[in-house]
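Q: predicted model and sequence below, questions to follow.
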Amino acid sequence: MLTLLAPLGGVQADAQSWVQQIGTYSYLTTPDYDGLAPLSSVLAGQTLGLGTFDHLDGELVIIGGEAYRVSTDGTPQRINGSRTTPFAETIRFTPDRSGPVSPGTPCSALLPVVNALVASDTGIVAVRVRGTFTDLVTRSVAAQPEPYPALATAVAGQTVFPLGARTAVLVGFRTGPDLAGTGAPGLHLHGLTKDRSAGGHVLSCVAGPDVQLSVQRAAGVQIIGSAAVSR
């Protein structure tokens, strides 16, 4: 099943890429963590992305077209597209705009910076943040048994990785209110350290002296494996 969602008053489709997505954030919050489709369904030609795995078993990070799984041991492992997922977002990342992030800026303050770069708080925007971070904290979640607990309950059992000062690449998406339920609300980032020794879902970070933010406003979202969300 393929569902197309375009932002209200969105950009021209021929000027921007579409996000290729399996499932929706609403599906996760049902809660349902059964895999809907293999990652290969949305990996071809895509270079940036994030998500999770069947039963919520770890964090998916896609950087430079390479897919990694970060489990609760905190170590990223390269994976192929055969693994199934209840939720994954991918895009062929071709940034529209870039700019420096002021040293000392926390991750919690990046949302308005992204919105300012794209001059909009609607639609879906692919985001890459890279450089040296003075305080980077990530997490992963273990596989959940059935009957599935609520997403908040599952996340409460997360394993946290305080990584300290690290050079890293953080990737993800900013989802506007007009696409509520499609992706995680606001800014959702996963990341890997430059040496690929650690990573996961980004809980917090503080920008160091050389952090650059790059964004790409997508034309919309192509969803497979789940019914469309209502808007």
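A: Yep, it's here. Residues are numbered from 1 along each chain as shown.
Q: show me where pLDDT drops low in this protein?
A: 1-2, 7-16, 226-231 (pLDDT under 70).
Q: can you give me the helices in this protein?
A: 25-28, 40-43, 110-118, 151-156 (DSSP state H).
Q: can you put the ones you listed in CSV and add mean neighbour count and distance to His190?
A: Glycine gets a C-beta too; all of them are placed from N, C-alpha and C. Conversion of the helices of the chain to CSV gives the following (neighbours: other C-beta atoms under 10 Å; distance: least, C-beta to C-beta, whole Å):
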stretch, mean neighbour count, distance to His190
helix 25-28, 20, 14
helix 40-43, 19, 15
helix 110-118, 17, 14
helix 151-156, 13, 14
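Q: Leu203: which of those is closest?
A: Proximity to Leu203 (C-beta to C-beta) singles out helix 151-156 among those, at 10.3 Å.
Q: what's the distance between the nearest residue to Gly199 once chain neighbours are set aside and Ile91?
A: Once flanking residues are discounted, Gly199 sits nearest to Leu192: 3.8 Å by C-beta to C-beta, 6 or more residues apart in numbering. Noted for Leu192: a distance of 17 Å to Ile91, by C-beta to C-beta, to the nearest Å.
Q: what values do phi and psi take at the spatially most distant residue from the centre of the chain?
A: Relative to the C-alpha centroid of the chain, counting by C-alpha atoms, centre = their mean, Pro147 is the outermost residue, at 25.6 Å. Main-chain torsions, Pro147, degrees, to the nearest 10: phi -70, psi 140.
Q: any idea how far Leu117 is from it?
A: Distance from Pro147 to Leu117, by C-beta to C-beta: 42 Å.
Q: on that earlier part again, columns distance to Ser204 on top of the helices of the chain, output as a markdown table?
A: Below are these laid out as a markdown table (distance: least, C-beta to C-beta, whole Å):
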| stretch | distance to Ser204 |
| --- | --- |
| helix 25-28 | 20 |
| helix 40-43 | 28 |
| helix 110-118 | 11 |
| helix 151-156 | 15 |
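Q: nearest to Asn80, of the ones you listed?
A: Distance to Asn80, taken as C-beta to C-beta, is lowest for helix 40-43 among those, at 7.8 Å.
Q: please name the nearest non-neighbouring residue to Asp45.
A: Asp isn't right for residue 45; it's Gly. Gly45 sits nearest to Arg92 (C-beta to C-beta, 6+ apart), 5.5 Å away.
Q: which residues does the one you found contact?
A: 17, 45-48 (C-beta atoms under 8 Å, 6 or more residues apart in numbering).
Q: in JSON lines: these, plus distance to Leu60 and neighbour count.
A: Converted to JSON lines, the contacts of Arg92 look like this (distance: C-beta to C-beta, whole Å; neighbours: other C-beta atoms under 10 Å):
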{"residue": "Ser17", "distance to Leu60": "19", "neighbour count": "20"}
{"residue": "Gly45", "distance to Leu60": "17", "neighbour count": "11"}
{"residue": "Gln46", "distance to Leu60": "12", "neighbour count": "20"}
{"residue": "Thr47", "distance to Leu60": "14", "neighbour count": "19"}
{"residue": "Leu48", "distance to Leu60": "12", "neighbour count": "26"}
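Q: in strands, which of these fall?
A: Cross-referencing the contacts of Arg92 against strands under DSSP state E gives Leu48.
Q: I am finished for the moment; much appreciated.
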